[in-house]
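J.: mind looking at a prediction? Sequence and model below.
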Protein chains: 2
Amino acid sequence: MFVAALGLLAQMGWAQLSSAPIKEDFKPSPVNQPGQAYPQVNSEGRVRTQILAPDAKYVQLDIGGVKYDLVKDEHGVWTGESAPQDVGFHYYQLNIDGASVPDPGSLLFFGACRWGSGIEVPAPDQDIFAFKDVPHGHVEEIYFPSKSTNTSRRAFVYTPPGYSKEQSKRYPVLYLQHGYCENEYSWPNQGRANLIMDNLIAEGKAKPFIIVMTYGMTNEITFGGLRNFDIKPFQTVLVDELIPYIDANFRTLANQENRAMAGLSMGGFETKLVTLNRPDVFSYYALFSGGTYNPDEVKDHRNLKLIFLSCGSKERPDGVKSAVADLQKAGVNSVSYISEGTAHEFHTWRRSLYQLAQLLFK
Amino acid sequence: MFVAALGLLAQMGWAQLSSAPIKEDFKPSPVNQPGQAYPQVNSEGRVRTQILAPDAKYVQLDIGGVKYDLVKDEHGVWTGESAPQDVGFHYYQLNIDGASVPDPGSLLFFGACRWGSGIEVPAPDQDIFAFKDVPHGHVEEIYFPSKSTNTSRRAFVYTPPGYSKEQSKRYPVLYLQHGYCENEYSWPNQGRANLIMDNLIAEGKAKPFIIVMTYGMTNEITFGGLRNFDIKPFQTVLVDELIPYIDANFRTLANQENRAMAGLSMGGFETKLVTLNRPDVFSYYALFSGGTYNPDEVKDHRNLKLIFLSCGSKERPDGVKSAVADLQKAGVNSVSYISEGTAHEFHTWRRSLYQLAQLLFK
């Protein structure tokens, strides 16, 4: 109880007031804007940022709703740091005299229903999504016609290295969904899906496949609206409009056994609903921090090859593990993955994709 | 002189203090973040924005260095508007108590060496880049190996509608460069190069071709450094690394007569230098607000098919027109285009691409 309370106090910014010295080995975040020295991160995972605001009364660094006060120097420059953060990617923002704005030092990422700042806390396994001297696939921005929504809709399509050269080869496809209040940019940007795949393929650890990422909030759900979530609008876009477009315009292996669906958080919820409603479309189902299947739900899925369930160790790993145990007991080929030391954030999902990709289409 | 002074006063925000009523027909800018009502633009081209900043002393809207004061209401919400702006796209930012930050209401665009806010003032010809119900090409993000810079470099490649389906057809290529302190995102984002092409192709006004857009500040020039500009680093990346990669990985017509180069502002300067250094590579040269050629410079260019020079009517249109007159007199096939009512901004360059595309590869 005392330890939990201490943890809470640390979260609330108490660590800043304590006498514990902050390790002065801060380095610029790798997702800063060009030429920007701040924000920075140290080896404890603390985020330090800095901004010129000579006439401000207060400036705060806001990471996940926890606010850390910055301090002004004689030149009007405000500087301050957060408590240690989990490894990996976090959304954040600045609060300047009550205005919630992006940090001009950071690149912008779509999350929390807005383009805002992001920070990258070094992770022991960051090599899995590093930009390396290996052959790189392409990420295509496409617009596919959608009669059901009366417009053309955007998707990003990752094609693996060699796709554009080998004009006869055909590839399996993973349909990969973002979470609530994220969008189709989330997986290629903060998710680094393309770099994860480039690296896996270069090492011979994953079979080359196409990844398709589109916007999943087709029914315009609002905060608190998940309870009344209707999957039909998105299912129509995905299964009746996007998949046929992809199969017509890319060199896919256009059949169930070469088609997978995965999603994170709300995208996992969508994956579950779509795969249960349409057991004829996908052969691989994956939920990243996005719920579980029970054996009854998939007992008639004759072409199901794999269920992959994952979450962070700071979420509810026991639920994932016991669901997979139940599925295995019922004879369903299932795998669980727990991301060590991470919560409901993108590092959990990058790692999940890294694990899943090695199991797909084999 | 009096009129000029009045214009200057209007620019400085004097119009706000005058009794001239502001037309209350503001509408949200089409490049706002999802669900954001502000910023807005009215039929006079005034930009109005709004932000919650209850504890701020002052908030200003900063468009092109001209600052307009916002006014606080009893809920801590600041609102205010600019003087009328030219039609088309403008970079802008907010100033909150001395902090220069993006407006959280706007999407983000790379210009002025940073990702910042952008606003779209309705233009009479905005139809040329509207998102329409026509077949859409794809925009591919690629990484090409660059030995000279010891890394892989990013480019965006527009492939026209049908490219992915017609697996034998080959296409001409336009290499299209951004301006100073912009980057490879500028043409596909605020330039809307892909939508301009989609619309032209749908109307049968342009021959389908590929557009390649990469980062042009390879030599890391700094402010004021243009005088010592060395084109060699970028020329090597473009001609010796990017073009061979594109020809190997896309279905191009890989010869001089099917290759064009164009650039805006600094990108025009680069286009001029590269085309003069390497008269064997391109057959079409285009400078958008980026200087001129004189007949002597191109007199030995035997495979030159077209020189296209353009700028805004608020720049130096006479220079462009007289340069083209001289080129024509010398027997060089040349075209000038003046964008009415615009200055050194992206609307001038969108229109220039729209004009140029109709002349290329015919």
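T.: Perfect, thanks for sending it. Residues are numbered from 1 along each chain as shown, chains lettered A, B, ... in the order given.

J.: remind me which residues of the stretch 201-350 of chain A are low pLDDT?
T.: Across the stretch 201-350 of chain A, the ranges flagged by pLDDT under 70 are A:219-227.

J.: spell out which residues of it are next to chain B.
T.: Listed as neighbours of chain B in the stretch 201-350 of chain A under the rule CB under 8 Å from any CB of the partner chain: A:248, A:249, A:250. Yep, even glycine has a C-beta here, placed from its N, CA and C like the rest.

J.: ChimeraX command for the buried members of the residues you listed?
T.: To isolate the buried members of these in ChimeraX, using 16 or more other CB atoms under 10 Å in any protein chain shown:
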select /A:249,250
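
J.: show me where the stretch 1-150 of chain A has strands.
T.: Under the criterion DSSP state E, counting those that start in this stretch, the stretch 1-150 of chain A contains strands at A:27-28, A:40-41, A:47-52, A:59-63, A:66-69, A:71-72, A:77-81, A:88-96, A:99-101, A:108-111, A:114-121, A:138-146.

J.: strands paired with the fifth one, and their directions?
T.: Same thing as strand A:66-69. strand A:59-63 (antiparallel) (DSSP bridges).

J.: swap in the last one?
T.: In the sheet containing strand A:138-146, the strands it pairs with under DSSP bridges are strand A:151-159 (antiparallel), strand B:138-146 (antiparallel).

J.: any chance of the ones you listed in a markdown table, plus mean neighbour count?
T.: Shown next, in a markdown table, are the strands paired with strand A:138-146 (neighbours: other CB atoms under 10 Å in any protein chain shown):
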| stretch | mean neighbour count |
| --- | --- |
| strand A:151-159 | 20 |
| strand B:138-146 | 21 |
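
J.: need these in TSV with mean pLDDT and distance to residue A:181, can you?
T.: What follows is the strands paired with strand A:138-146, written out as TSV (pLDDT from 0 to 100; distance: least, CB to CB, whole Å):
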stretch	mean pLDDT	distance to residue A:181
strand A:151-159	96	17
strand B:138-146	96	24
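
J.: so how far is chain B from residue A:112?
T.: Look at residue A:112 and chain B: by CB to the nearest CB, to the nearest Å, they are 11 Å apart.

J.: wait, that residue sits on residue A:181?
T.: Yes - Residue A:112 is within contact range of residue A:181, at 5.5 Å (criterion: CB atoms under 8 Å).

J.: burial count for the residue lying closest to residue A:343 once chain neighbours are set aside?
T.: Distance criterion CB to CB, 6 or more residues apart in numbering or on different chains; nearest residue to residue A:343, sequence neighbours excluded, is residue A:314 at 3.9 Å. When counting by other CB atoms under 10 Å in any protein chain shown, one arrives at 16 neighbours for residue A:314.

J.: now the one 5 residues further on
T.: If you count neighbours by other CB under 10 Å, residue A:319 ends up with 14.

J.: follow-up on the earlier one: from the residues of the stretch 201-350 of chain A next to chain B, which is closest to chain B?
T.: Checking these against chain B by CB to the nearest CB gives residue A:249 as the nearest, at 4.5 Å.

J.: quick one: contacts for the closest one?
T.: Contacts for residue A:249 (CB atoms under 8 Å, 6 or more residues apart in numbering or on different chains) come out as A:142, B:164, B:165.

J.: now distance to residue A:39 too, for those residues, in TSV please.
T.: Shown next, in TSV, are these (distance: CB to CB, whole Å):
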residue	distance to residue A:39
A:142	33
B:164	40
B:165	45
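
J.: and which of those residues is nearest to residue B:78?
T.: residue A:142 (39.5 Å; CB to CB).

J.: my guess is that closest one meets residue B:135, correct?
T.: No - in this structure, residue A:142 is not within contact of residue B:135 by CB under 8 Å, at 11.2 Å.

J.: what's the burial count for residue A:30?
T.: Count around residue A:30 with other CB under 10 Å applied: 13.

J.: ok, and the closest non-adjacent residue to it?
T.: residue A:120 is the one closest to residue A:30 (CB to CB, 6+ apart), at 5.2 Å.

J.: residue A:139 now?
T.: Going by CB to CB, 6+ apart, residue A:139 has residue B:141 as its nearest residue, at 4.3 Å.

J.: which element, helix or strand, includes residue A:336?
T.: Here residue A:336 sits within strand A:334-339, counting by DSSP states H and E.

J.: could you dump the strands of the stretch 1-150 of chain A to a markdown table with distance to residue B:87?
T.: Converted to a markdown table, the strands of the stretch 1-150 of chain A look like this (distance: least, CB to CB, whole Å):
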| stretch | distance to residue B:87 |
| --- | --- |
| strand A:27-28 | 39 |
| strand A:40-41 | 41 |
| strand A:47-52 | 33 |
| strand A:59-63 | 37 |
| strand A:66-69 | 41 |
| strand A:71-72 | 41 |
| strand A:77-81 | 38 |
| strand A:88-96 | 32 |
| strand A:99-101 | 28 |
| strand A:108-111 | 26 |
| strand A:114-121 | 25 |
| strand A:138-146 | 25 |
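
J.: so which of these comes closest to residue A:338?
T.: Comparison of these against residue A:338 by CB to CB identifies strand A:88-96 as nearest, at 14.6 Å.

J.: re the thing from before, closest to residue A:272 among the contacts of residue A:249?
T.: Nearest member of those to residue A:272, counting by CB to CB, is residue A:142, at 25.8 Å.

J.: for residue A:169, grab the count of nearby residues.
T.: 12.

J.: hang on, the earlier thing: centre of the chain versus the helix or strand following the strand holding residue A:336, how much separation?
T.: Next in sequence after strand A:334-339, counting helices and strands by DSSP H and E, comes helix A:346-357. Here helix A:346-357 is found 8 Å from its chain centre; the criterion is CA atoms, centre = their mean, to the nearest Å.

J.: ok, residue A:308 - contacts?
T.: Taking CB under 8 Å, 6+ apart, one finds A:262, A:284-287, A:334-337, A:352, A:355-356, A:359 in contact with residue A:308.

J.: how far off strand A:334-339 does whichever strand or helix holds residue A:328 point, in degrees?
T.: Counting by DSSP H and E, the element that carries residue A:328 is helix A:317-329. Interaxial angle, helix A:317-329 versus strand A:334-339 (axes from the mean of the first three to the mean of the last three CA atoms, to 10 degrees): 160 degrees.
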